[in-house]
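Peer 1: When you get a sec, could you give me coordinates for this:
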Amino acid sequence: MFHATLDSTKTWKQIVDALATLLTEAHLQVSESGMTLRQLDSSKAAMVDLNLPSAVFQEYACKGQHDICLGIDELARVSKRMGGDERLEFNLDEENKRLEIRMIGQAERQFKLQLLTPPDSPTSKPSMAFEVKAEMYADAFKQAIKDIGVVSSHVKITAEKNTLTFSGEGDTGEAQVTLSTEGEDPVLFQLKVGSGSSAAMYALNYLAEISKAIPSDSIILQLTGNKPMMLEFAIAEAGNISFILAPRVERR
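Peer 2: Residues are numbered from 1 along each chain as shown. Below is the predicted model:
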């Protein structure tokens with residue numbers, strides 16, 4: 001048994017948009033404590049980790065644990081039909097293996113999405129310790145990724161004492177964006193670097209897609225030299241989503 005309501009269609013659209021950046025299917029797990037998702041993309045170069053505690057929803061009731069596996073395209077098409085002033089209601093039809101989504105406003109509309117077969121084994125979150133932790137305005141990160149994308153297909157992120165630098169190069173030239181914790185109104189408002197400096201390179205196409213789906217005002221970026229990075233941001237007030245991205249190995 002699973003039932004939940006959500007007053008904000010905007011929140012649900014943000015969740016679906018974030019999942020759609022890397023996934024073709026959404027393997028949601030619902031339990032008494034809330035809704036979670038942890039999945040690798042098809043190339044296994046990136047992972048999505050979603051956590052929506054029951055407090056995100058206005059009503060939430062769940063007995064036991066259920067796997068709700070849905071196609072992202074179908075989920076996205078339904079979310080586009082949601083009006084801004086509607087209330088959402090979710091119900092799991094276990095007998096017919098469908099997720100019912102009701103949109104309640106001036107009219108009451110209902111969609112029933114067929115459940116897909118969930119994966120045989122859940123994805124485990126890798127154990128990682130990061131040398132660098134940076135908290136910044138999301139817009140500053142988005143602009144940096146767009147700037148590097150003008151000339152390059154990859155971005156190198158370098159962390160030093162007070163600065164976080166994004167750089168890239170390609171056949172047409174080079175680009176560099178430096179964010180600092182110093183100044184009157186810094187866009188980088190927290191930076192912790194374990195040792196003198198740390199740098200790693202990542203595929204820009206992944207970060208460009210992820211940046212489009214960031215709804216919050218700020219993000220947390222964590223990385224270690226030449227190892228996976230993690231981007232984390234808030235969804236609603238109590239939820240959060242993180243993306244883990246493998247590094248791009250530099251050819252020498």
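Peer 1: quick one: low-confidence ranges for the stretch 1-150 of the chain?
Peer 2: Regions of the stretch 1-150 of the chain meeting the criterion pLDDT under 70 are absent.
Peer 1: quick one, helices of it?
Peer 2: Using DSSP state H, counting those that start in this stretch, the helices of the stretch 1-150 of the chain run over 9-20, 72-79, 138-149.
Peer 1: could I get the ones you listed as a markdown table with distance to G64 and mean neighbour count?
Peer 2: Just so you know, the C-beta spots here come from the backbone N, C-alpha and C atoms, and that holds for glycine as well. Shown next, in a markdown table, are these (distance: least, Cβ to Cβ, whole Å; neighbours: other Cβ atoms under 10 Å):
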| stretch | distance to G64 | mean neighbour count |
| --- | --- | --- |
| helix 9-20 | 23 | 19 |
| helix 72-79 | 23 | 16 |
| helix 138-149 | 37 | 19 |
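Peer 1: export the ones you listed to a markdown table and tack on distance to L231?
Peer 2: Converted to a markdown table, the helices of the stretch 1-150 of the chain look like this (distance: least, Cβ to Cβ, whole Å):
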| stretch | distance to L231 |
| --- | --- |
| helix 9-20 | 11 |
| helix 72-79 | 19 |
| helix 138-149 | 8 |
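Peer 1: contacting residues around T24?
Peer 2: Listed by Cβ atoms under 8 Å, 6 or more residues apart in numbering, the contact partners of T24 are S42, G71, I72, D73.
Peer 1: 10 Å instead?
Peer 2: Applying Cβ atoms under 10 Å, 6 or more residues apart in numbering, one finds that T24 lies in contact with Q39, D41, S42, G71, I72, D73.
Peer 1: roughly how far apart are the second one and T123?
Peer 2: Spatial separation of D41 from T123 under the definition Cβ to Cβ, to the nearest Å is 11 Å.
Peer 1: Overlap of the contact sets of these two?
Peer 2: Common contact partners of D41 and T123 (Cβ under 10 Å, 6+ apart): M47, V48.
Peer 1: before we move on, back to that, which of the contacts of T24 lies at the shortest distance from I15?
Peer 2: I72 (11.3 Å; Cβ to Cβ).
Peer 1: That closest one contacts L37, doesn't it?
Peer 2: No: using Cβ atoms under 10 Å, I72 makes no contact with L37, being 11.2 Å away.
Peer 1: any residues in contact with both of those two?
Peer 2: Common contact partners of I72 and L37 (Cβ under 10 Å, 6+ apart): L19, L23, A26.
Peer 1: Format those as TSV; extra columns: distance to S33.
Peer 2: Shown next, in TSV, are those (distance: Cβ to Cβ, whole Å):
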residue	distance to S33
L19	20
L23	22
A26	19
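Peer 1: what about the closest residue to F2 other than its chain neighbours, distance to G239?
Peer 2: Excluding the flanking residues, the one nearest F2 by Cβ to Cβ, 6 or more residues apart in numbering is L92, at 3.9 Å. According to Cβ to Cβ, L92 and G239 sit 19 Å apart.
Peer 1: how about the residue nearest to F2, what does it touch?
Peer 2: M1, F2, H3, A4, V30, C62, H66, I68, R98, L99, E100, L115.
Peer 1: Distance of the first one relative to C62?
Peer 2: So that's M1. Note on M1: its distance to C62, by Cβ to Cβ, is 7 Å.
Peer 1: one step back: quickly list what the residue nearest to F2 is bridged to.
Peer 2: Applying DSSP bridges to L92 gives these bridge partners: L99.
Peer 1: re earlier: quick one: the contacts of L92 as CSV, columns for distance to D85 and neighbour count too.
Peer 2: Formatted as CSV, these follow (distance: Cβ to Cβ, whole Å; neighbours: other Cβ atoms under 10 Å):
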residue, distance to D85, neighbour count
M1, 29, 10
F2, 25, 22
H3, 22, 16
A4, 19, 21
V30, 26, 24
C62, 27, 18
H66, 29, 18
I68, 26, 21
R98, 26, 17
L99, 23, 22
E100, 20, 15
L115, 29, 18
